[in-house]
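Peer 1: From the sequence below, what's the structure:
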Amino acid sequence: MIPDSFIQDLLARVDIVDVVGRYVKLRKGGANLLGLCPFHNEKTPSFTVSPTKQFYHCFGCGAHGTALRFLTEHTGAPFPEAVRSLAASVGMAVPEEPRSPRQRAADRERREEGSRQHRILDQARAHYRAALKQTPEAIEYLKRRGLSGEIAARFGLGWASRDRRGLATVFSHYEDPALLESGLVIESEDGRRHDRFRGRVMFPIHNGRGQLIGFGGRLIEPGEPKYLNSPETSLFSKGNELYGLHEARAGIRAEDCVLVVEGYMDVVALAQYGLNNAVATLGTSTTPEHLRKLRRASDRIIFSFDGDGAGRKAAWRALQACLPWVAEDISMRFLFLPEGHDPDSYVRAHGTQALRACLEEAAPLSRFMLDELAARHDLEEAEGRAACVHEARPLFAQMPEGGFRLQLEREFARQVRLTPEELSQLLAVADRPAGAAGQANAPVRRPAGAGGQSGIAGPGMGSSERVAFPDAGGMPEPDEDLWAGSENPGAGMTLDGAFSWQDSAPSRTSRSARRGGGSRQVTPMARRLLRLLLAHPALVSGLGDQQLELLARHPHLELVRQLIGLASTCGAAHAGALLQAADPESDLARAIQDLSTELMAQDLPDPQAEWDDALRTIERQTVQEQCDRLIESGLTTEEDRRRYQELSRRLARLKAGAG
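Peer 2: Numbering: from 1, shown residues only. Sure, this is the predicted structure:
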């Protein structure tokens, strides 16, 4: 296992510009460098690399990360391999954490097993391809489906004979456990074995690097199941793979679109007719991993489904998987062919141009969603409209905030005869964390169409960014100068019960808060501080006890505290290194991702002054809140009146900027 400390040292030594520049042509664009994004098809450069922050971000598809992440995402290299490659480029030797002989043996065995499975699958593929050439009935079937020998060769099609143990002619040791683990054979309860694939046209399945990872087989005569995939193995997981994606990359770029169909034969048949941009899910519903790969392939995605009831149900499931990915810069559409047709049969019956015309008329996701909701409810009745809103709530809750969701909300509001503001209030119930209903301080989502930016507002948040605080007991007297006595504000000053960062800061960000389980909201002040710390991690080293105390007692700065703890622990030198150190499943990592666009902006001339100003704002809010609470109590005692006068003087100095 490679130590985290080495990863940080490595990222401090390498230059992301050199790493990305090996694969992407970059040109100067202000403080950053620009190029065409290697992760999605584009004609205008939106891919930006920051030399100062050692970070890349695509404003088109949202891809972002460090030099290491670029290597793993772009080349498909496993993380350890990417680390070793990067280390070799700067003359660093990769240390390995001490491992027992048993652990080293286990690692070696896993590597050898993966290599062995690849060899076994390659041997099986060669056998299936040779068998196809010697099987007239299989060749005749493919010809009836309109496939040429060239297309069959391009996709590596083969034939699995009807023999129960046909692979025994390939593998002399048919009882080898590796044949089971690769999914090529099945063992019954009595210990007898037989081939998994029999009497089927075979379709090799490749991963993004072009490696063979499994097979799909199709019967050429009536029977069930019509399609059969390799089982889940260490190499193959159908929820992660798309058939034909490796072969379709050039076609997707040429067509500026990726077409998602339901079967292997659809992919191959469309390629026969010159449509080389089709991919297929492997007998499973569309998954988030499918969407991630599709999004990287193109910013135009068309899902094709049969026009019958089953096809529309499958399309509805695909739509729900798409909702977290909707955005202004991506087009997702749904095509329903006439009943009785799939893309294969339609293109054979009507030709390529007819299918292209259908693709041009595919319904946008928004139209399909609204039409489907309307078809499920009687919108002429109040009860039907209310039920329609009820069904739509979880759908809108899955969508990210932004222009697309706002437009769709307005269209849906007209459909159910509500104003955008009324609809937004109803939808906010779905956005609110469990148990928040009825709470006075529950987060409230701004109405769609209302003034200002859409998003989540914390309790009491407005133009002044005032925030409600818990009891301030233990805070310093307001007349004490929090910044006095040190070059670093607050340094060297102590308080009873002062918050200790090093005792509580985790080496990795907390896994306790997850999406779907009450992820933390980022207020404008928290966003400001996160952006500053990410752009200038060195600010952490200048934090004094009083500043840490102030941040520790603020109820909306948990992510800021996590980022400070992470930076203190890992010693990251730039934003890229902080991203690499953050737990990718944490709220902090998601916040960093959300700030990626802003991180590419020009650096501030004096980040320390900006940081100090932000903390003064927090103190001013704290003192203002204490004053408000004293006024609400009526100032009935002499102690309250004395305390209020002190706070008022302190507040006046803060507002005057005197500190």
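Peer 1: list the buried ones in stretch 317-334?
Peer 2: Of the residues in stretch 317-334, 318-319, 321-323, 325-327, 330-334 count as buried by neighbour count, 16 or more other Cβ atoms under 10 Å. For glycine as for every other residue, the C-beta is placed from the backbone atoms N, C-alpha and C.
Peer 1: would you put the C-alpha positions of it in PDB?
Peer 2: What follows is stretch 317-334, C-alpha atoms only, in PDB (Å, rounded to 0.1, in the frame of the first residue of the first chain):
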ATOM      1  CA  ARG A 317     -36.400   3.900 -15.100                       C
ATOM      2  CA  ALA A 318     -33.600   5.300 -17.300                       C
ATOM      3  CA  LEU A 319     -35.100   8.800 -16.900                       C
ATOM      4  CA  GLN A 320     -34.900   8.500 -13.100                       C
ATOM      5  CA  ALA A 321     -31.300   7.500 -13.300                       C
ATOM      6  CA  CYS A 322     -30.600  10.500 -15.500                       C
ATOM      7  CA  LEU A 323     -32.100  13.100 -13.200                       C
ATOM      8  CA  PRO A 324     -29.000  13.700 -11.000                       C
ATOM      9  CA  TRP A 325     -27.000  14.400 -14.200                       C
ATOM     10  CA  VAL A 326     -29.300  17.000 -15.900                       C
ATOM     11  CA  ALA A 327     -27.700  20.300 -16.600                       C
ATOM     12  CA  GLU A 328     -27.800  23.200 -19.100                       C
ATOM     13  CA  ASP A 329     -24.900  21.800 -21.100                       C
ATOM     14  CA  ILE A 330     -26.100  18.200 -21.700                       C
ATOM     15  CA  SER A 331     -29.000  17.000 -23.900                       C
ATOM     16  CA  MET A 332     -30.700  13.700 -22.900                       C
ATOM     17  CA  ARG A 333     -33.500  12.500 -25.200                       C
ATOM     18  CA  PHE A 334     -35.800   9.500 -25.500                       C
END
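Peer 1: quick one: contacts of it?
Peer 2: Residues outside stretch 317-334 that contact it (Cβ atoms under 8 Å, 6 or more residues apart in numbering): 60-62, 260, 285-288, 290-291, 295, 299-303, 305, 315, 362-365, 368-369, 372, 395, 398-400, 402-405.
Peer 1: Quick one: mean pLDDT for that stretch?
Peer 2: The average pLDDT within stretch 317-334 is 92.
Peer 1: so what's Thr286 up against?
Peer 2: Going by Cβ under 8 Å, 6+ apart, Thr286 touches Val260, Phe303, Arg317, Ala318, Ala321, Cys322.
Peer 1: Please narrow those to those residing in helices.
Peer 2: If you go by DSSP state H, the contacts of Thr286 have Arg317, Ala318, Ala321, Cys322 in helices.
Peer 1: List the residues that contact Leu630.
Peer 2: Per Cβ under 8 Å, 6+ apart, neighbours of Leu630: Asp640, Arg643, Tyr644, Leu647.
Peer 1: same thing but at 6 Å, please
Peer 2: Residues near Leu630 by Cβ atoms under 6 Å, 6 or more residues apart in numbering: Asp640, Tyr644.
Peer 1: Report pLDDT for it.
Peer 2: 83.
Peer 1: Let's verify it: helix, strand, or coil?
Peer 2: At Leu630, secondary structure determined by DSSP: H, G, I helix; E, B strand; the rest coil is helix.
Peer 1: And the buried residues of stretch 317-334, which is closest to Leu355?
Peer 2: Arg333 (14.0 Å; Cβ to Cβ).
Peer 1: Quick check: phi and psi at Val326.
Peer 2: For Val326, the backbone dihedrals (degrees, to the nearest 10) come out as phi -60, psi 140.
Peer 1: For it, give its distance to Leu408.
Peer 2: Look at Val326 and Leu408: by Cβ to Cβ, to the nearest Å, they are 8 Å apart.
Peer 1: and the nearest residue in space to Lys53 that is not next to it in sequence, what is it in contact with?
Peer 2: In space, Lys53 comes closest to Ala575 once its chain neighbours are excluded; the distance is 4.1 Å by Cβ to Cβ, 6 or more residues apart in numbering. Applying Cβ under 6 Å, 6+ apart to Ala575 gives the contacts Lys53, Phe55, Leu534, Leu599.
Peer 1: Met202 now?
Peer 2: Met202 neighbours (Cβ under 6 Å, 6+ apart): Tyr128, Gly158, Ala160, Phe215, Gly217.
Peer 1: Let me have these in JSON lines, adding pLDDT as columns.
Peer 2: Formatted as JSON lines, the contacts of Met202 follow (pLDDT from 0 to 100):
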{"residue": "Tyr128", "pLDDT": "97"}
{"residue": "Gly158", "pLDDT": "97"}
{"residue": "Ala160", "pLDDT": "97"}
{"residue": "Phe215", "pLDDT": "97"}
{"residue": "Gly217", "pLDDT": "96"}
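Peer 1: Which ones among those residues map onto strands?
Peer 2: Gly158, Ala160, Phe215, Gly217 (DSSP state E).
Peer 1: I'd like the residues you listed as JSON lines, with neighbour count appended.
Peer 2: Listed next are those as JSON lines, based on neighbours: other Cβ atoms under 10 Å:
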{"residue": "Gly158", "neighbour count": "26"}
{"residue": "Ala160", "neighbour count": "26"}
{"residue": "Phe215", "neighbour count": "26"}
{"residue": "Gly217", "neighbour count": "23"}
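Peer 1: from those, which single one is nearest Arg616?
Peer 2: Phe215 (65.0 Å).
Peer 1: so what's the closest one bridging to?
Peer 2: Pro204 (DSSP bridges).
Peer 1: how near is it to Arg410?
Peer 2: Remark: distance between Phe215 and Arg410 (Cβ to Cβ) = 48 Å.
Peer 1: can you check Ala386 too?
Peer 2: 19 Å.
Peer 1: neighbour-wise, which of these two wins?
Peer 2: The neighbour comparison of Ala386 against Arg410 (other Cβ atoms under 10 Å) goes to Arg410, with 16 against 12.
Peer 1: Could you check the helix or strand containing Val20 and say which residues are buried?
Peer 2: In this structure, Val20 sits in helix 16-21 according to DSSP states H and E. Buried positions in helix 16-21, judged by neighbour count with 16+ other Cβ under 10 Å: Ile16, Val17, Val19, Val20.
Peer 1: The first one and Phe55 touch, don't they?
Peer 2: The one in question is Ile16. No - if you go by Cβ atoms under 6 Å, Ile16 and Phe55 don't touch, sitting 7.0 Å apart.
Peer 1: in the strand or helix carrying Asp612, what's buried?
Peer 2: Secondary-structure assignment from DSSP H and E places Asp612 in helix 607-633. Buried residues in helix 607-633, counted by 16+ other Cβ under 10 Å: 607, 610-612, 615-616, 618-627, 629-630.
Peer 1: could you dump the helix or strand following it to CSV, C-alpha only?
Peer 2: Counting by DSSP H and E, the element after helix 607-633 in chain order, helix or strand, is helix 638-655. Provided in CSV are the C-alpha atoms of helix 638-655 (Å, rounded to 0.1, in the frame of the first residue of the first chain):
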residue,chain,number,x,y,z
GLU,A,638,-28.1,45.7,35.6
GLU,A,639,-25.7,42.9,34.4
ASP,A,640,-27.7,42.6,31.2
ARG,A,641,-27.5,46.4,30.6
ARG,A,642,-23.8,46.5,31.3
ARG,A,643,-23.2,43.5,29.0
TYR,A,644,-25.3,45.2,26.2
GLN,A,645,-23.2,48.4,26.4
GLU,A,646,-19.9,46.5,26.1
LEU,A,647,-21.2,44.5,23.2
SER,A,648,-22.5,47.6,21.5
ARG,A,649,-19.1,49.4,21.8
ARG,A,650,-17.5,46.2,20.4
LEU,A,651,-19.9,46.1,17.5
ALA,A,652,-19.4,49.7,16.7
ARG,A,653,-15.6,49.2,16.5
LEU,A,654,-16.1,46.1,14.3
LYS,A,655,-18.5,47.9,11.9
